[in-house]
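**Q** Prediction below, plus the sequence it came from.
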Amino acid sequence: MSLIRSILHLLWMLLTVVPYTLIIVAGAALGVRGMPLYRIARAWLALSVDSARVIMGIKTRIIGMENLPQGEKSPAVLLVKHQSTFETFLMPAIMPHPLAYVFKKELLYIPFFGWSIGLLDMIHIDRKDGRRAFQKVVAQGKALLEQGTWVIMFPEGTRIPRGHKGIYKNGGTRLAIQTGAPVIPIAVTSATCWPRKAFIKHPGIVDVSIGPMIQSAGRRPEELMQEVEAWIETEMRRLDPEAYPADGPTPIADNANPAAE
């Protein structure tokens, strides 16, 4: 049954992404920019999350929304545990501010999905550019934060299997310190239902825990990221204790990502 539900959900996503992309492309061709295009993309992402609940039985349980900045243009850098594709759909659907992802430019070449995100106010980088890639993140991130768009990054740089821990790179905390934005750590247990790189998904509950706001002023990137890592990994063990061995999360090999370093 999980296989059939997974196929149906995939077909639904493939069917619905086409008209939404065409609307975004048409809007961009007519000179539309910014929030109108983001709202269209967000609507498709929310539809994908809702259809995952209806078709595959994947529900979400969210705590800590009160920890988010409340001002209309209050900045924030969201640093999120990354276990599957699910949270990339979920975060824009639940956040009260528009989000700008930092992502590798190769995603732009994915038909329809990549074409859409290429027309939005996102930050795409060439990982081969090294330091220049991060300079681009800071420049674009600062402009976006000033207009009320929150920047979202996955500090481990890639999807991490359930019960494991990647190498937390300090690109997100460096951005926060250079722009003066606070950091919001977020733990997500998406792999309980939507495992990393898995075709078959399973019904269940994905827990999302939004941590306390951490001010970046006067901090060093490394020790600020250590605080973020400690909070996320401790919270992951609380939310999903069955996934973690008694001696702590199992580390995995480093994944090079210049924008996250």
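**A** Thanks, I have the structure now.
**Q** these two touch, right, residue 9 and residue 52?
**A** Yes - if you go by Cβ atoms under 8 Å, residue 9 and residue 52 touch, sitting 6.0 Å apart. C-betas here are computed from N, CA, C, even on glycine.
**Q** where do the contact lists of these two overlap?
**A** Taking Cβ atoms under 8 Å, 6 or more residues apart in numbering as the criterion, residue 9 and residue 52 both touch residue 201.
**Q** the more surrounded of those two?
**A** When neighbours are counted by other Cβ atoms under 10 Å, residue 52 comes out ahead of the other of residue 9 and residue 52, with 26 against 18.
**Q** Tell me where the model's unsure across the protein.
**A** Residues of the chain meeting the criterion pLDDT under 70: 127-128, 130, 247-261.
**Q** how about the strands in it?
**A** Ranges of strands in the chain, per DSSP state E, are 58-63, 77-80, 99-104, 123-125, 150-153, 164-165, 183-188, 204-210, 250-251.
**Q** Next, the contact list for the closest residue to residue 53 other than its chain neighbours, please.
**A** Spatial nearest neighbour of residue 53, chain neighbours left out: residue 59 (5.5 Å); criterion: Cβ to Cβ, 6 or more residues apart in numbering. Residues in contact with residue 59 (Cβ under 8 Å, 6+ apart) are 53, 204, 205, 206.
**Q** Take the strands of the chain and write them to a markdown table, including distance to residue 2.
**A** Output for the strands of the chain, formatted as a markdown table (distance: least, Cβ to Cβ, whole Å):
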| stretch | distance to residue 2 |
| --- | --- |
| strand 58-63 | 11 |
| strand 77-80 | 25 |
| strand 99-104 | 28 |
| strand 123-125 | 33 |
| strand 150-153 | 29 |
| strand 164-165 | 23 |
| strand 183-188 | 20 |
| strand 204-210 | 10 |
| strand 250-251 | 25 |
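**Q** Of those strands, give the one that comes closest to residue 36.
**A** Proximity to residue 36 (Cβ to Cβ) singles out strand 99-104 among these, at 15.6 Å.
**Q** what's that closest one packed up against?
**A** helix 86-94, strand 123-125, helix 131-146, strand 150-153 (3 or more Cβ pairs under 8 Å, 6 or more residues apart in numbering; DSSP states H and E).
**Q** Okay, now the sheet partners of that strand, with direction.
**A** Applying DSSP bridges, strand 99-104 is found paired with strand 123-125 (parallel), strand 150-153 (parallel).
**Q** so which of those comes closest to residue 190?
**A** Nearest to residue 190 among those is strand 150-153 (14.6 Å), distances taken as Cβ to Cβ.
**Q** Please save the CA atoms from that closest one in CSV.
**A** Coordinates of each C-alpha in strand 150-153 appear next as CSV, following Å, rounded to 0.1, in the frame of the first residue of the first chain:
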residue,chain,number,x,y,z
TRP,A,150,14.2,35.0,5.7
VAL,A,151,17.2,33.0,4.5
ILE,A,152,17.1,29.2,5.1
MET,A,153,20.1,26.9,5.0
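**Q** are any of the contacts of residue 59 buried, and which?
**A** The neighbour-count test (16 or more other Cβ atoms under 10 Å) applied to these identifies residue 206 as buried.
**Q** Need the contacts of residue 59 in JSON lines (columns: distance to residue 217).
**A** Listed next are these as JSON lines, based on distance: Cβ to Cβ, whole Å:
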{"residue": "53", "distance to residue 217": "39"}
{"residue": "204", "distance to residue 217": "40"}
{"residue": "205", "distance to residue 217": "36"}
{"residue": "206", "distance to residue 217": "33"}
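**Q** Please identify the deepest-packed of the strands paired with strand 99-104.
**A** Most buried of those, by mean neighbour count (mean count of other Cβ atoms under 10 Å): strand 150-153, with a mean of 26.
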